[in-house]
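Engineer: output the structure for:
(chains A and B)
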2 protein chains.
Amino acid sequence: MASHGFWSLGGDNAGANAGSQSPSTPRAWCQAAAQKFSGGLGSKLCALLNVGDAEKSADPAAKLPPPGEAAGTCGCNKSCNCTKAAVGFSDLYSTDLLPASDGDTKTMTFLQELLQMNNWELQDEPATLDDILISCRATLKYAIKTAHPRYFNQLSTGLDMVGLAADWLTSTANTNMFTYEVAPVFVLLEYVTLKKMRDIIGWQDGRGDGIFSPGGAISNMYAMLLARFKMFPEVKEKGMSSVPRLAAFTSEHSHFSIKKGAAALGIGTESVICIKADESGKLIPADLERRILEAKQKGFVPFFVSATAGTTVYGAFDPLIAISDICRKYGVWMHVDGAWGGSLLMSRKHRWKLDGVERANSVTWNPHKMMSVPLQCSALLVREEGLMQNCNQMHACYLFQQDKHYDLSYDTGDKALQCGRHVDIFKLWLMWRAKGTIGFEAQIDKCLELSEYLYNKIKDREGYEMVFNGKPQHTNVCFWYLPPGIRYMEDTEERKKRLHKVAPVIKARMMEYGTTMVSYQPQGDKVNFFRMVISNPAATFEDIDFLIEEIERLGQDL
Amino acid sequence: MASHGFWSLGGDNAGANAGSQSPSTPRAWCQAAAQKFSGGLGSKLCALLNVGDAEKSADPAAKLPPPGEAAGTCGCNKSCNCTKAAVGFSDLYSTDLLPASDGDTKTMTFLQELLQMNNWELQDEPATLDDILISCRATLKYAIKTAHPRYFNQLSTGLDMVGLAADWLTSTANTNMFTYEVAPVFVLLEYVTLKKMRDIIGWQDGRGDGIFSPGGAISNMYAMLLARFKMFPEVKEKGMSSVPRLAAFTSEHSHFSIKKGAAALGIGTESVICIKADESGKLIPADLERRILEAKQKGFVPFFVSATAGTTVYGAFDPLIAISDICRKYGVWMHVDGAWGGSLLMSRKHRWKLDGVERANSVTWNPHKMMSVPLQCSALLVREEGLMQNCNQMHACYLFQQDKHYDLSYDTGDKALQCGRHVDIFKLWLMWRAKGTIGFEAQIDKCLELSEYLYNKIKDREGYEMVFNGKPQHTNVCFWYLPPGIRYMEDTEERKKRLHKVAPVIKARMMEYGTTMVSYQPQGDKVNFFRMVISNPAATFEDIDFLIEEIERLGQDL
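Structural biologist: Prediction:
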């Protein structure tokens, strides 16, 4: 913690390139001051001083007191003997602060005290509404600006105004999805929307079943639960001891929730067999078939294949038709994890990437990702009607009375793992009304166009190396930035080691300056690379240009 | 569906007793008209005509087109041959409607068409903002008014203004709990709040672990998952086939999520052994010990006891100290499902009901119930630090990079079953700030006082019979209302049968009039009874008086 005594924050307007500012601005003074300190302390301090500006800008980076201290271990609220108290402010004037020559400690302490006036502890006594408003302002000020068009850090970005309004209405209605009795409108809208989504998948007349669940990981877990129950219904009462050893299959590039689900469901992570992916991240069907046969020979029963439509890192789409042929051949449940890529079904230009999805038994599709629906909104769609109910129902008579005065098939609670279930449907439904299907299509197409623009811009640019060849299938663009100091080195272990450190440092600096945010990670034997994703329809070509300039500005000395 | 061609709705101001109105009001006309129809159609129609009033009032009952039709099978949007179209409105005047002697069909059709102008289908083309506002108004109009002080239907009621504001802010921040990087403030507030809750439970210095999960059922499932992993850590990789047959124990009055969790986790519902409860719904410790010994003899390994602090129906508190003695003796994980009753820990007057909770290994506590925090807000609190992380982590390198520039222990994602996790913390934290602990205490004490008032009022009142003797421990008051026609019958099967139908009919009428809502259910060999619960601090003594009058008004003819 000690090294994080101050905050990684940003402050200048996202568009401004700090390097080009006049030295008379606070920003420029900060940059000069920053060079006095080691360990990034200077730039953190610098950013700290720009807190005020941040309220006017929409910077994506955070501004917040340090976790350990703000969390109460040393909030300096009342009685405290920490070194900070050693600085007495009653004798000091603003001229004692930096750039005064002995101003370092005083300045840091002063700023730290200032921040800690935001006290996050819970008390016995009530606070005034004024205090509550201050807390709210502080919370928003220190929040990551996930709606900023240069926030590229996650698959869920942006903030749709109709979606926001709908979420506000949902909060106001404050009800639960378990029975039609207490959420008649929302239950109906879930019905209408799931039907429409199944229709788009290609299931006849939109028939089937489904549920909105708390995120893609839980949707995937539902799918695995249904697959197991379909093959061995006795597992519900008798547990896994009544069932042979099961095997599930998914690509080595798939989402970790498949393993997490297997661990939770008592199947075990070792029963999740990772299938090889090709260079661009797509599952290799021949390897799937080989591993299914191998598992059968070892006495395992293959019960579940999870194909990925839009992998987390590469944005790859597994070949669904070939996979479904194998699933049919061996009688295995086919799930498509389209948490990230499912939304491409709404684009006439891109939906071919999911060809074969209509053959799946279940599909995860998260509108909170590529459709910019406020968090959270994840759907599991199931081809077989009635299965979810049979799998999960427990007939709790205190909730699902059988003698109600309406059609009980509208009570959705008994097909869920949850009892109370949050209303996630209204924001999607209202956005869909507001945009129409063609509106979603347009924003999805635009994000894909932006990522193609990025790909074309960097694929032959000096200092960039693509992680895999070929045009990306989704908005994921994976690349290394090679600073000049590495660019001309031979491909040795030493080069790899240095390259591995580039992305983390650039990202840390992005967050310190508060100008943009982008994700990085290693994958297999590949050292840390940037993964750009675009899901915010507010992003523009200029934002992509800015990202490249910013990476080069922040990484050129590495 | 046919019998629900119209809606169960309400319309008059909740406080008004319709029977006392002058016959010249629409309400009185409705009541007269209602007598012309069978099957409750009249009162439904009557309520329908009051839709306009409903916007001004805060009626708890729903107003909505019928599920099957509004869901699109016959929305009569464009081309439709249903009988409704047979009525041509271009030749009709308002005088052709009821009370015109042949006005029945015309009136019904007219009203049905009117309602169906709210078209809930999703289209390709965008809608105007005006349409969007109309949809929002319709949604709120048809919603159940869960914040109404006479809505007693669920454990979660009310609408706290600070909680609402906080939920709006949360929507606006639109981020995810998985990493500190994207939700620094919310991660910290979760840390602070969980610590405070553990402190209130009585764990030393608030130490331990925990998470906010999507509802009490998932919190309970987490607890079971942790208990299994604690005893058999190899289950994570190897699944249930590496583990002996397990047995879990919970009271016959416990929440169905314990069985649901066991089904999902591959343990099986038959491995959940139901322990006898006494007359007031409390688990009998001697029976627990007997069943643990019995399970061991059969070769099962007892791994999990879920005691309930506040059962769903009776509001009973299991004897935690005696249960913990047994858990310690047999080395079994003790979970306390305090989803409903956990909040009593905040009341100096009532927390003795949870004496022994500090001995638990894990506790579920839902602030969205008795503390009126907007849905959803459920916490699982765990005594052992680090266990959640070990149990659930999958080391996804694309999300939880190990070379970030901050303390990674603040990334909460890898201890969750979910990947993305909704921000449920801010509304609780802000309400706590606004009320202080003493504010929550006061509102909890008030609800318990109201339920005691109800209990005292009906326990000796003619026509009432309590489901169990003695003062309720929580706000649950369980009783039968015996209409005069049943009141003096002998205790035969015939009487039972008739009594069983009383609560459903009264409730249906409550919903038709839209004046109040209260839950009912059978339990064991007990026929349908009312379960009153109070969790809305806006409720008053007058609301309790009203409920009793309303039950008698609506049930006297049964």
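Engineer: only C-alpha atoms from now on, for both contacts and neighbour counts.
Structural biologist: Will do.
Engineer: is it true that A:A379 lies in a helix?
Structural biologist: No - assigned with DSSP: H, G, I helix; E, B strand; the rest coil, A:A379 falls outside any helix and is strand.
Engineer: thought it was touching A:A217?
Structural biologist: No - with contacts counted by Cα atoms under 8 Å, A:A379 stays clear of A:A217, the gap being 10.7 Å.
Engineer: where along the stretch 151-300 of chain A do the helices fall?
Structural biologist: A:161-173, A:184-201, A:216-231, A:235-238, A:257-264, A:285-297 (DSSP state H, counting those that start in this stretch).
Engineer: out of these, which gets nearest to B:E252?
Structural biologist: helix A:235-238 (16.8 Å; Cα to Cα).
Engineer: for that closest one, name the packing helices and strands.
Structural biologist: helix A:216-231, helix B:257-264 (3 or more Cα pairs under 8 Å, 6 or more residues apart in numbering or on different chains; DSSP states H and E).
Engineer: got CSV for the helices of the stretch 151-300 of chain A, with mean neighbour count and mean pLDDT too?
Structural biologist: Listed next are these as CSV, based on neighbours: other Cα atoms under 10 Å in any protein chain shown; pLDDT from 0 to 100:
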stretch, mean neighbour count, mean pLDDT
helix A:161-173, 22, 93
helix A:184-201, 22, 95
helix A:216-231, 25, 98
helix A:235-238, 22, 97
helix A:257-264, 26, 97
helix A:285-297, 17, 98
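Engineer: B:R433 is nearest to which of those helices?
Structural biologist: So among these, helix A:161-173 is nearest, using Cα to Cα, at 19.6 Å.
Engineer: relative to the whole chain's centre, how far out is the closest one?
Structural biologist: 21 Å (Cα atoms, centre = their mean, to the nearest Å).
Engineer: run through who's touching it.
Structural biologist: By Cα atoms under 8 Å, 6 or more residues apart in numbering or on different chains, the residues outside helix A:161-173 that reach it are A:373-374, A:423, A:426-428, A:430-431, A:434, B:136, B:140, B:143-146, B:159, B:164, B:167-168, B:171-172, B:374-375.
Engineer: and those, which of them are in helices?
Structural biologist: A:426-428, A:430-431, A:434, B:136, B:140, B:164, B:167-168, B:171-172 (DSSP state H).
Engineer: closest one to A:R198 out of these, please.
Structural biologist: For the ones in helices among the contacts of helix A:161-173, the nearest to A:R198 is A:L428 (14.9 Å; Cα to Cα).
Engineer: check whether the closest one really touches A:V373, as I assumed.
Structural biologist: Yes - the pair A:L428 and A:V373 qualifies as a contact (Cα under 8 Å) at a distance of 6.0 Å.
Engineer: list the buried ones in stretch A:499-510?
Structural biologist: Within stretch A:499-510, the residues that qualify as buried by neighbour count (16 or more other Cα atoms under 10 Å in any protein chain shown) are A:499-500, A:502-510.
Engineer: just the residues you listed that are near chain B?
Structural biologist: Contacts with chain B within these, counted by Cα under 8 Å from any Cα of the partner chain: A:504, A:508.
Engineer: in a markdown table: the helices of the stretch 151-300 of chain A, plus distance to A:G413.
Structural biologist: Output for the helices of the stretch 151-300 of chain A, formatted as a markdown table (distance: least, Cα to Cα, whole Å):
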| stretch | distance to A:G413 |
| --- | --- |
| helix A:161-173 | 18 |
| helix A:184-201 | 10 |
| helix A:216-231 | 14 |
| helix A:235-238 | 17 |
| helix A:257-264 | 21 |
| helix A:285-297 | 35 |
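Engineer: between these, which one is closest to A:L345.
Structural biologist: For A:L345, the closest of those is helix A:184-201, at 6.8 Å, according to Cα to Cα.
Engineer: quick one: that closest one near chain B?
Structural biologist: Yes - among the residues of helix A:184-201, A:184-185, A:188-189, A:191-193, A:196 lie within reach of chain B under Cα under 8 Å from any Cα.
Engineer: now render those as TSV, adding distance to B:L450.
Structural biologist: Below are those laid out as TSV (distance: Cα to Cα, whole Å):
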residue	distance to B:L450
A:P184	29
A:V185	31
A:L188	35
A:L189	36
A:Y191	38
A:V192	41
A:T193	41
A:K196	46
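Engineer: out of those residues, which is nearest to A:V305?
Structural biologist: For these, the nearest to A:V305 is A:K196 (24.9 Å; Cα to Cα).
Engineer: next, count neighbours for A:K141.
Structural biologist: By other Cα atoms under 10 Å in any protein chain shown, 22 other residues sit near A:K141.
Engineer: do the same with A:D557
Structural biologist: A:D557: 9 surrounding residues under other Cα under 10 Å.
Engineer: quick one, what contacts it?
Structural biologist: A:483-485.
Engineer: and it, what pLDDT?
Structural biologist: Looking at A:D557, its pLDDT is 95.
Engineer: repeat that for A:G524.
Structural biologist: On the pLDDT scale, A:G524 gets 88.
Engineer: on that earlier part again, now pLDDT and secondary structure too, for the contacts of A:D557, in CSV please.
Structural biologist: Output for the contacts of A:D557, formatted as CSV (pLDDT from 0 to 100; DSSP: H, G, I helix; E, B strand; the rest coil):
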residue, pLDDT, secondary structure
A:P483, 97, coil
A:P484, 95, helix
A:G485, 92, helix
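Engineer: what subset of these is buried?
Structural biologist: A:P483.
Engineer: which one of the contacts of A:D557 is nearest to B:L450?
Structural biologist: After measuring the contacts of A:D557 against B:L450 - Cα to Cα - the closest member comes out as A:P483, at 69.9 Å.
Engineer: how close does the closest one sit to A:N469?
Structural biologist: Remark: distance between A:P483 and A:N469 (Cα to Cα, to the nearest Å) = 21 Å.
Engineer: nearest to A:M334 among the contacts of A:D557?
Structural biologist: A:P483 (44.1 Å).
Engineer: residues near the nearest residue in space to the closest one that is not next to it in sequence, how many?
Structural biologist: Spatial nearest neighbour of A:P483, chain neighbours left out: A:Q556 (5.1 Å); criterion: Cα to Cα, 6 or more residues apart in numbering or on different chains. A:Q556 has 16 neighbours, counted by other Cα under 10 Å.
Engineer: and A:Q556, what are its phi and psi?
Structural biologist: phi -70, psi -30 (degrees, to the nearest 10).
Engineer: so it touches A:I486, yeah?
Structural biologist: No - counting by Cα under 8 Å, A:Q556 stays clear of A:I486, with 10.0 Å between them.
Engineer: and what about the residue in the stretch 451-558 of chain A that chain B sits nearest to, helix, strand or coil?
Structural biologist: Per Cα to the nearest Cα, A:Q521 is where the stretch 451-558 of chain A lies closest to chain B, at 5.0 Å. Following three-state DSSP, A:Q521 is assigned to strand.
Engineer: who does it form a beta bridge with?
Structural biologist: Counting by DSSP bridges, A:Q521 is bridged to A:F529.
Engineer: gap between it and A:F400?
Structural biologist: From A:Q521 to A:F400 the distance is 47 Å (Cα to Cα).
Engineer: same question, A:Y455
Structural biologist: 53 Å.
Engineer: who has more neighbours, these two?
Structural biologist: Taking neighbours as other Cα under 10 Å, A:Y455 and A:F400 compare with A:Y455 leading, 22 against 19.
Engineer: where does the more buried one land on pLDDT?
Structural biologist: 98.
Engineer: quick check, it in a helix?
Structural biologist: Yes - assessed by three-state DSSP, A:Y455 belongs to a helix.
Engineer: would you map the helices across the stretch 301-450 of chain A?
Structural biologist: A:320-330, A:387-392, A:425-458.
Engineer: circling back: would CSV of the buried residues of stretch A:499-510 with distance to A:D318, pLDDT and secondary structure be doable?
Structural biologist: Shown next, in CSV, are the buried residues of stretch A:499-510 (distance: Cα to Cα, whole Å; pLDDT from 0 to 100; DSSP: H, G, I helix; E, B strand; the rest coil):
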residue, distance to A:D318, pLDDT, secondary structure
A:L499, 29, 96, helix
A:H500, 28, 96, helix
A:V502, 30, 97, helix
A:A503, 28, 97, helix
A:P504, 29, 96, helix
A:V505, 33, 96, helix
A:I506, 32, 97, helix
A:K507, 30, 95, helix
A:A508, 33, 94, helix
A:R509, 35, 95, helix
A:M510, 33, 95, helix
